[in-house]
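Enquirer: The sequence isn't on hand, but the structure is:
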């Protein structure tokens, strides 16, 4: 039996003043997940990928120097049956109010311990529990 195909992504943990974490739902999806995505050929590194994804999907800007590594985790992919998603998750600060655009259908600010919406396994089991313990200050800035 062969190993499941792997999809590598970079995921953002963005928090508000109340300690809530931003989750997004893509068009056609039923569950919420961290913002972020796959590296494109033109992306120099993971942070370039994250900056591009945040700009394209949420119309906000990744603040240079703000990214702090949170975890590396994997779980069955929600939107690609039979695949495993591997994520590098970073707590980041952004400039601007995140808003829905591109492939994003909806966004929600959730309490990491009790999101109240269906959440992708990777986010639910790995990223949200760690983001709820993050000791830093809120990391969303408005322009």
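Expert: Good, I have the coordinates. As the structure is a computational prediction, the values presented were derived from the model and not from experiment. Numbers count the residues shown, from 1 in each chain.
Enquirer: Look at the closest residue to residue 127 other than its chain neighbours and give its secondary structure.
Expert: The shortest distance from residue 127 to any non-neighbouring residue, by CB to CB, 6 or more residues apart in numbering, is to residue 89 (5.0 Å). Where C-beta positions appear, they are placed from N, C-alpha and C, glycine not excepted. In three-state terms, and counting by DSSP: H, G, I helix; E, B strand; the rest coil, residue 89 is strand.
Enquirer: Can you tell me the centre-most residue of the chain?
Expert: In the chain, the C-alpha nearest the mean C-alpha coordinate belongs to residue 34, at 2.5 Å (CA atoms, centre = their mean).
Enquirer: That one reaches residue 15, doesn't it?
Expert: No: Residue 34 is beyond contact range of residue 15, at 11.6 Å (criterion: CB atoms under 8 Å).
Enquirer: what sits in contact with each of the two?
Expert: Here residue 34 and residue 15 have residue 22 as joint contacts, going by CB atoms under 8 Å, 6 or more residues apart in numbering.
Enquirer: Quick check: phi and psi at the residue nearest to the centre of the chain.
Expert: Dihedral pair for residue 34: phi -70, psi 150, per degrees, to the nearest 10.
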